[in-house]
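# Build me a model:
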Amino acid sequence: MKKILALLYRLSPPAVRVIGLVMLLCIGFVDYITTPFVSFLLLYTIPIAFISWFDNRISGIACAALIVMLATWESFMWWPDVPLFLHLWNAIGETVMFVAFAWSISFLRHSHEHRIKEAEDKYTRILETAIEGIIAIDVDGVIQFVNSRGAALLGCDKEELFGSNLLDLIVEEHSRSKIQTMLNTYPGSPSSLEIQFNRKDNSALWTLASISASTDSIWKSKELVLLLTDITALKKSEEQLRQRYHEISAMQRLSSGLAKSLHLGERLENAVKTVLEVTRFDAGGIYLLDQGERELTLQYHAGVSAEFAARTEHWPAHRGITGHVARSGLPRFVENVRDDPFFDQQLLAIEPVVALASIPLISKEKVLGVLNILHKKPYTFTEGEQMMLQTFGKQIGISIENAKLFETAREQAQQVRKLTLDIVEVQEEERRRFARELHD
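You can find the predicted model right below:
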C-alpha cells in the first residue's frame, strides 16, 4: 500500500487528471446503464477526492462541476416531465456538496503537507546544526545527502558533493575496502572506523566515522549513513608525540653509542652508524676540520664506495656543500643535489647521490667538523627531522671535543710519566755517582 501511494505521489498533474477523468467516466457509464434507481452519488466522490488530493483544489472543483453536469443531463434524460427548477435545485445541491468535498480534501492535503513540512524543517535543523558531519551514500558509494558540517569538513559546497562518489575522497585503501564491504553486506549494528579523506584543497582530514545501515521502508533501497567527527588535530598531536618520542629515543641511542668509548675514532664510528640506523639513510660520513681551518678530512664513512671515499677524503674548506656548512656553521638539507649550486656534480658519476643532509658539528660555538648523510632517492626533510639532526650535530660536536680533551689529557699524562721516569733516572744516576765519590 505504501508503495502504491508513493507511486501516486510521483504522478505529474496531467497524469492525475487523466486517471481521475477515466475513473469518472467509468463510474458515469455504470451509473447510466443501471438506471437512476441505483444511486452512485458516493462513488462520484472517488475521482473528486483523487484529483483534489494528488493535484489541486481547482482541478477537484472542476471535476465536481463535470460530475454535476453529467448528473443533471442524466436527470433530464430519465425524467423529462419534471419541472426545470427541480432539476436545477438538485444540481445546486450536488454542486455545493461536491465543491465542499473537493475543498475539504484539498484542505486536508494542505494540512498534511504543512505537518510534514514542519517535521522536515525540524529534522533539517537538527541535521544542519549537528556538530558532526552527516553523509548518506547508496550501494555504489554515491553521496545522496550531506549536511553543512559534512560539506565544510570536506572543504566543498553541498552541491559539489551531491552525486559524487565518497570512495574517491578516501585516501587509505584499507578504509575504502572496509566501506565497500559494508556496502555489500550492510551490517546490522553500527561500527566505528577512522577514515582519512582528501579535502578539496588536497589537505588531509582525519575523521572518526560512526557507520550504520539504513533501509527505505517503501522502496527497500539501502544506504550507509556516516557520522563524521573531525579528529585531525588529535591525529596531528599523536604524530607530534610519536615524532618527539622518536627524536628522544634517537638522541638516547646516539648518546649511548658515543659513550661506549673514549677514543675519538670509535666515537665517530658509533656516531655515523647510529645516525644511519635512526634516519635509515643509505650512507654517511664525518669530516673534521684541521687546525688551520683550510681542509676537512674524512675520519669515518659507511655506505659509500671506496672511490667516492678516496675522492672526498681531503676536502677543501672553501668548496662544495661540506665546505659551505663548515664555514657558515649552518646546516644544509638538499632534496635533490642536482638542483643545488654548491654540490660538486662530478661526484654523481662516482656515487648516485640524490638527497643530502650536511650538519655542522659544533662545540662551544665552534665548528669542529661536518656530518654528511646521503640518500639515493629524493627526500624531503621534515622540520622535526631537521631539528633532530642539528641536535645530533651538537651532541657529536661535544663528544668530539671531549674525546680530544681525553686524548690531550692522556698525552699530557704520558708526558708527565715520561718526565717523572726521566727525573727518577737522573736522581738515581746522581746517587750512584755520589756513592762512588764517597767510596773513592
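
# Adjacent strands (with direction) for whichever strand or helix holds residue 360?
Per DSSP states H and E: residue 360 is located in strand 355-363. Partners of strand 355-363 in the sheet, by DSSP bridges, are strand 332-334 (antiparallel), strand 366-375 (antiparallel).

# Out of these, which gets nearest to residue 422?
Among the strands paired with strand 355-363, the nearest to residue 422 by C-beta to C-beta is strand 366-375 (34.2 Å). Every C-beta, even on glycine, is put in place using the N, C-alpha and C of the backbone.

# Mind checking the pLDDT average for the closest one?
For strand 366-375, the mean pLDDT works out to 91.

# how about low-confidence regions in the stretch 201-350 of the chain?
The stretch 201-350 of the chain contains residues with pLDDT under 70 at 216-221, 254, 257-259, 261-262.

# show me what contacts residue 277?
With contact taken as C-beta atoms under 8 Å, 6 or more residues apart in numbering, residue 277 is in contact with residue 253.

# now the angle from the one helix or strand residue 412 maps to to strand 355-363?
Element membership for residue 412 (DSSP H and E) is helix 383-439. Counting by axes from the mean of the first three to the mean of the last three C-alpha atoms, to 10 degrees, helix 383-439 lies at 40 degrees to strand 355-363.

# Now do helix 383-439: which elements does it pack against?
On a contact count with 3 or more C-beta pairs under 8 Å, 6 or more residues apart in numbering; DSSP states H and E, helix 383-439 meets helix 232-258, helix 264-279, strand 355-363, strand 366-375.

# Distance to residue 387 added to those, as CSV?
Formatted as CSV, these follow (distance: least, C-beta to C-beta, whole Å):
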stretch, distance to residue 387
helix 232-258, 8
helix 264-279, 13
strand 355-363, 11
strand 366-375, 15
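
# Please tell me the pLDDT value assigned to the closest residue to residue 247 other than its chain neighbours.
Residue nearest to residue 247 in three dimensions, not counting chain neighbours: residue 388, with 4.6 Å by C-beta to C-beta, 6 or more residues apart in numbering. Looking at residue 388, its pLDDT reads 86.

# thinking residue 279 is in contact with residue 385, fair?
Yes - contact criterion C-beta atoms under 8 Å: residue 279 and residue 385 qualify, at 7.4 Å.

# which ones are touching the residue nearest to residue 247?
247, 250, 251 are the contacts of residue 388 under C-beta under 8 Å, 6+ apart.

# Present the residues you listed as a markdown table; the columns should include neighbour count.
Shown next, in a markdown table, are the contacts of residue 388 (neighbours: other C-beta atoms under 10 Å):
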| residue | neighbour count |
| --- | --- |
| 247 | 18 |
| 250 | 20 |
| 251 | 16 |
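
# before we move on, what SS does residue 82 have?
coil (DSSP: H, G, I helix; E, B strand; the rest coil).

# Could you tell me the angle between the strand holding residue 360 and helix 264-279?
Relative orientation of strand 355-363 versus helix 264-279 (the same axes, to 10 degrees): 140 degrees.

# Strand 355-363: how far from the chain's middle?
Taking C-alpha atoms, centre = their mean, to the nearest Å, one finds the center of strand 355-363 at 34 Å from the center of the full chain.

# circling back to that earlier point, can you tell me which of the contacts of residue 388 lies closest to residue 429?
The closest of those to residue 429 turns out to be residue 251 (C-beta to C-beta; 56.0 Å).

# check contacts around that closest one.
Listed by C-beta under 8 Å, 6+ apart, the contact partners of residue 251 are 388, 391, 392, 395.

# do that again at 7 Å, thanks
Contact analysis of residue 251 by C-beta atoms under 7 Å, 6 or more residues apart in numbering lists 391, 395.

# who's in contact with residue 161?
143, 146, 151, 154.

# Out of those residues, who's the most crowded?
Within the contacts of residue 161, neighbour counts (other C-beta atoms under 10 Å) peak at residue 146, which reaches 28 neighbours.

# pull the CA atoms of the longest strand anywhere in the chain into CSV?
Identified as the longest strand of the chain according to DSSP state E is strand 204-215. Extracted as CSV, the C-alpha positions of strand 204-215 are listed here (Å, rounded to 0.1, in the frame of the first residue of the first chain):
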residue,chain,number,x,y,z
ALA,A,204,44.3,15.7,4.9
LEU,A,205,41.2,15.3,7.0
TRP,A,206,41.1,12.6,9.7
THR,A,207,37.7,11.6,11.0
LEU,A,208,36.2,9.1,13.3
ALA,A,209,33.2,7.7,11.4
SER,A,210,30.2,6.0,13.0
ILE,A,211,28.7,4.0,10.2
SER,A,212,25.2,2.4,10.2
ALA,A,213,22.9,0.9,7.5
SER,A,214,19.5,2.4,6.6
THR,A,215,16.7,0.8,4.6
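
# Partner strands of it, with direction?
Strand pairing (DSSP bridges) places strand 204-215 next to strand 191-198 (antiparallel), strand 222-230 (antiparallel).

# For those, please prepare JSON lines with the additional fields distance to residue 375.
Below are these laid out as JSON lines (distance: least, C-beta to C-beta, whole Å):
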{"stretch": "strand 191-198", "distance to residue 375": "26"}
{"stretch": "strand 222-230", "distance to residue 375": "35"}
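
# wait, which of those is closest to residue 24?
strand 222-230 (40.3 Å).

# which residues are contacting that closest one?
Against strand 222-230 from outside (C-beta under 7 Å, 6+ apart): 132-139, 144, 150, 153, 182-183, 186, 207-215.

# ok, back up a step: so which bits of the longest strand of the chain are buried?
Neighbour counts over strand 204-215 (16 or more other C-beta atoms under 10 Å) mark 205, 206, 207, 208, 209, 211, 212, 213 as buried.
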